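> Starting from these lines, generate the structure:
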Amino acid sequence: MNNTLAEITPILAANMYHAPSDKMLEMYQENDFNLCYPLLTESKTRSEGVALISNYMKQYNTEQLPELQLDFNQLFIGPGKMKVPLWGSYYLSEDNLLCGQSTQKLQQFTDNLGIKINTIDGDNQPIDHLSLVLQLVQYTIKQNKTHEHKVIIADHLAPWAYRVAELTMEHAQTDFYLGWGLLLKDYLDVLIESNGIIVQERTLWG
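Have a look, this model is predicted:
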């Protein structure tokens, strides 16, 4: 199970961080998403998410790229207020401020691990950006750091990442991103259940 989780983690991170491009979409068109997306569970959530993305890509043509980029931007970038902020501190701070106390705790945890996590393109993001926290999940799986793996999930991901999935599903204008919202939820379900995590309820402010 952990090997499959490690395989899926960078796929989720990439699709919720990088705007869709011709190169990315060509890859999905050349390979049947329904067959190549790693199998975690037979859950309804996973089945619906995979089907939405697979069917979208089967009928996709390059003229739809601006529509898909617009959906990505309105969800995760802007202009205006983004619908789905991707930083943990946004949800855990009453004032929705980035780089708050939760970010500092995660940074200290990462420093104690002796690693530095960066985005693929070197963009200077706070450590609690979803794509970076997912990289930490992948790192702890591959390094067999069981305790640290559980801490990352319980303290620095699960308390707020379900809200990201929920908001993505609520505001997505295309089946492509609705599918990714569902797959993020399924991923979190499996990550928590397979590690025996009891998610502590936290007040979310976003």
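> Enumerate the positions of the worst-scoring helix or strand of the chain on mean pLDDT that are buried.
Least confident helix or strand of the chain, by mean pLDDT, DSSP states H and E, is helix 33-36 with a mean of 86. Within helix 33-36, the residues that count as buried by 16 or more other C-beta atoms under 10 Å are Phe33. In this view, the C-beta of every residue, glycine as well, is placed from N, C-alpha and C.
> any idea how far Gln125 is from Asn118?
Distance, Asn118 to Gln125, by C-beta to C-beta, to the nearest Å: 8 Å.
> Need the residues touching each of those two.
Leu132 (C-beta atoms under 8 Å, 6 or more residues apart in numbering).
> List the contacts of the least confident helix or strand of the chain.
Counting by C-beta under 8 Å, 6+ apart, Val50, Ala51, Ile53, Ser54, Met57 sit against helix 33-36.
> and Trp180, what is it in contact with?
Leu12, Asn15, Met16, Gly49, Ile53, Thr168, Ala172.
> Over to His171?
Neighbours of His171 in contact, by C-beta under 8 Å, 6+ apart: Gln74, Leu75, Lys83, Val84.
> Go ahead and list the helix or strand containing Trp205.
Assessed by DSSP states H and E, Trp205 sits outside every helix and strand.
> Buried only: go through the contacts of helix 33-36 for me.
Buried among those by 16+ other C-beta under 10 Å: Val50, Ile53, Ser54, Met57.
> biggest separation within those, which pair?
Val50 and Met57 (10.8 Å; C-beta to C-beta).
> Can you list which of the contacts of helix 33-36 are found in strands?
Among the contacts of helix 33-36, no residue falls in strands (DSSP state E).
> Looking at those, which is nearest Glu26?
Met57 (10.0 Å).
> Output the below-cut-off pLDDT ranges for the protein.
Along the chain, the model assigns pLDDT under 70 to residues 119-122.
> now the helices for it?
Taking DSSP state H as the test, the helices found in the chain are 2-15, 22-30, 33-36, 44-59, 65-76, 88-92, 101-113, 130-142, 146-156, 158-171, 175-194.
> Serialize these to a markdown table and add fields for distance to Glu201.
Output for those, formatted as a markdown table (distance: least, C-beta to C-beta, whole Å):
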| stretch | distance to Glu201 |
| --- | --- |
| helix 2-15 | 24 |
| helix 22-30 | 36 |
| helix 33-36 | 34 |
| helix 44-59 | 21 |
| helix 65-76 | 26 |
| helix 88-92 | 12 |
| helix 101-113 | 15 |
| helix 130-142 | 19 |
| helix 146-156 | 12 |
| helix 158-171 | 8 |
| helix 175-194 | 13 |
